[in-house]
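1. coords please:
(one chain, ligands or ions: 1)
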Amino acid sequence: MTETFQFKLLATDGKARRGEVSMPRGTIRTPAFMPVGTVGTVKAMYLDQVRELGADIILGNTYHLMLRPGPERVARLGGLHELIRWPYPILTDSGGFQVMSLSGLRKLDEQGVTFKSHVDGALHHMSPERSIEIQGLLDSDIQMQLDECVALPASPKEIERAMEMSLRWAERCKVAFGDQPGKAMFGIVQGGDIPHLRVRSAQALAELNLKGYAIGGLAVGEPQEVMLDMIDTTVPHMPFEKPRYLMGVGTPDDMLKSVARGIDMFDCVMPTRSGRHGLAFTRRGRINLRNARHAEDMRPLDEESSCPAARDYSRAYLHHLIRANESLGGMLLTWNNLSYYQDLMAGIRKAIEEGRFADFMAETQENWARGDL
Ligand SMILES: Nc1nc(=O)c2cc3nc(NCCN4CCCCC4)[nH]c3cc2[nH]1
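-> So this is what the prediction gives:
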């Protein structure tokens, strides 16, 4: 815990990094997985459970929170941490990506985005300055610049236009954010699947001397190898001594391969959303509890897990709950999945500290491939 935002590199193993982000509200052990708490809740979880599993930070979304309950109201209620009872760091996404993917986008120009709320159809305008103002009203610890994330495949011209505008928006967000020692504003590298645009974006953002950098515009439908190629292209041009956050990623395999390429922070709805739909992540790979083969399987998901959801309930019961669409099914599988994700990150951090990350990665992938006994 420090009064300012600090990132310390504790160990490296190849390109993999073990670090620590220290902020007034707490310390984030990296590589870190950030559970997604879109509208001020990590769905189907109590936040003290989320904390117990090892989460040092959770993610919130400007887009959703600006629509409901509204940033000024959250500020009147004491800020997001107070409202949701999470006293540790919160990172908020800036809204750009969610506007593109969720709302009725009406206009996007140099000024910002104008969109219709997916909640009540009301018209909203969000500029880079307003996005930072909203994240400030939420009392967010790590605030993301407003950017334009282009869905792939897209034309090089379109990708370049969006990347250049995102760079101009990064400068406006830096000015709007000003100087807040205990908080951070991260830039977001864009450039689609075009290497020279990725390099241009990363180099221009590095000039802004921000406290951390995200790689955006990925996990938008491209094959994994394209995503990994873009990480390989971009990372060398990101400041070595600053945190690197890969937005929206990903599966356990995505994260292992991205840590191996120098990524420090991740967020993804995968463990929570797929848990609610019956998918369990385990040390031995994925198990879809909707499948009838589990109907009389009295084994737990993982008898060696420290998580009660993985250790104390039979697959037969989980199958029954999911098929019956009972809330407890989604609750138990979300609990299991976040537990597995945090255990994986803890294993990654320890392996890097001990200089055996490559072996850890290979063993982990072998266990997934061995499948569920
Ligand atoms: N501000 C901002 N900029 C981005 O370029 C961005 C890029 C992103 N890419 C994703 N991918 C999410 C993939 N997710 C995987 C599991 C199922 C739902 C979608 N989330 C993202 C969020 C993002 N946020």
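2. for this structure, which residues are neighbours of the ligand?
-> When proximity is defined as C-beta under 6 Å from any ligand atom, the chain approaches the ligand at 93-94, 96-97, 144, 147, 149, 188, 216-220, 247-248, 268-270. In short, each C-beta sits where N, CA and C put it, glycine included.
3. mind listing the residues bridging to the residue positioned nearest the centre of the chain?
-> In the chain, the centroid-proximal residue (C-alpha atoms, centre = their mean) is Asp267; its distance is 1.5 Å. Applying DSSP bridges to Asp267 yields these beta-bridge partners: Met34.
4. list the buried ones in stretch 36-54?
-> Neighbour counts using 16 or more other C-beta atoms under 10 Å place 36-38, 40-45, 47, 49-51, 53-54 of stretch 36-54 among the buried residues.
5. whoops, I mixed them up, stretch 298-306
-> Quick answer for stretch 298-306 (16+ other C-beta under 10 Å): 300-302, 305.
6. circling back to that earlier point, okay, and which of the residues of the chain next to the ligand map to helices?
-> Filtering the residues of the chain next to the ligand for membership in helices, criterion DSSP state H, returns 96-97, 270.
7. ok, so of those, who is nearest the ligand?
-> Phe97 (3.3 Å; C-beta to the nearest ligand atom).
8. rewinding a little: so the residue nearest to the centre of the chain sits against Met34, correct?
-> Yes - assessed by C-beta atoms under 8 Å, Asp267 is found in contact with Met34 at 4.2 Å.
9. tell me the residue furthest from the middle of the protein?
-> Taking C-alpha atoms, centre = their mean, the residue of the chain most remote from its mean C-alpha position is Glu296, at 35.7 Å.
10. in contact with the closest residue to that residue other than its chain neighbours, which residues?
-> In space, not counting the residues next to it along the chain, Glu296 is nearest to Ala316; the distance is 5.4 Å by C-beta to C-beta, 6 or more residues apart in numbering. The contact partners of Ala316, taken as C-beta atoms under 8 Å, 6 or more residues apart in numbering, are 294-298.
11. skipping adjacent residues, who's closest to Thr251 in space?
-> With C-beta to C-beta, 6+ apart as the measure, Met270 is the residue that lies nearest to Thr251, at 6.1 Å, once sequence neighbours are left out.
12. gap between the one you found and Ile194?
-> Distance of Met270 to Ile194, computed by C-beta to C-beta, to the nearest Å: 26 Å.
13. out of the residues of the chain next to the ligand, which are buried?
-> Among the residues of the chain next to the ligand, those classed as buried by 16+ other C-beta under 10 Å are 93-94, 96-97, 144, 147, 149, 188, 216-220, 247-248, 268-270.
14. thought Leu344 was touching Gln365?
-> No - with contact defined as C-beta under 8 Å, Leu344 does not count as touching Gln365 (11.4 Å).
15. shared neighbours of these two, anything?
-> Between them, Leu344 and Gln365 have Leu256 as joint contacts when contacts are counted by C-beta under 8 Å, 6+ apart.
16. the more surrounded of the two?
-> Leu344 (20 against 15; other C-beta atoms under 10 Å).
17. part of a helix, is the more buried one?
-> Yes - assignment of Leu344 by DSSP: H, G, I helix; E, B strand; the rest coil places it within a helix.
18. buried residues, whichever strand or helix holds Ser101. List them.
-> Ser101 is part of helix 96-102 when elements are defined by DSSP states H and E. Within helix 96-102, the residues that count as buried by 16+ other C-beta under 10 Å are 96-100, 102.
19. chain center to that helix, what's the gap?
-> Relative to the chain's own centre, helix 96-102 is displaced by 15 Å; criterion: C-alpha atoms, centre = their mean, to the nearest Å.
20. pull the CA atoms of the following helix or strand past that helix into PDB?
-> The element immediately downstream of helix 96-102 (helix or strand, assigned by DSSP H and E) is strand 104-109. Presented in PDB, the C-alpha positions along strand 104-109 are these (Å, rounded to 0.1, in the frame of the first residue of the first chain):
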ATOM      1  CA  GLY A 104     -27.300   1.600 -30.400                       C
ATOM      2  CA  LEU A 105     -24.300   3.600 -31.700                       C
ATOM      3  CA  ARG A 106     -25.600   6.800 -33.300                       C
ATOM      4  CA  LYS A 107     -22.500   8.800 -34.000                       C
ATOM      5  CA  LEU A 108     -18.700   8.600 -33.600                       C
ATOM      6  CA  ASP A 109     -16.600  11.600 -34.400                       C
END
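21. how long is stretch 211-219 end to end?
-> Across stretch 211-219, the terminal residues are separated by 23 Å (C-alpha to C-alpha, to the nearest Å).
22. same question, stretch 28-40
-> The straight-line separation of the ends of stretch 28-40 (C-alpha to C-alpha) is 19 Å.
23. got it, and stretch 350-357?
-> Stretch 350-357: ends 8 Å apart by C-alpha to C-alpha.
24. which ones are touching Lys43?
-> Lys43 neighbours (C-beta under 8 Å, 6+ apart): 272-273, 276, 334.
25. just for the stretch 251-373 of the chain, where's the confidence low?
-> Under the criterion pLDDT under 70, the flagged ranges of the stretch 251-373 of the chain are 373.
26. show me where it has its helices.
-> Assignment of helices within the stretch 251-373 of the chain using DSSP state H, counting those that start in this stretch yields the ranges 252-259, 270-276, 308-311, 315-323, 327-353, 357-370.
27. for the first one, which positions count as buried?
-> Within helix 252-259, the residues that qualify as buried are 252, 254-259, counting by 16+ other C-beta under 10 Å.
28. got it, and the fifth one?
-> Judged by neighbour count using 16+ other C-beta under 10 Å, the buried positions of helix 327-353 are 329-345, 347-349, 351-352.
29. I appreciate the help and will end here.
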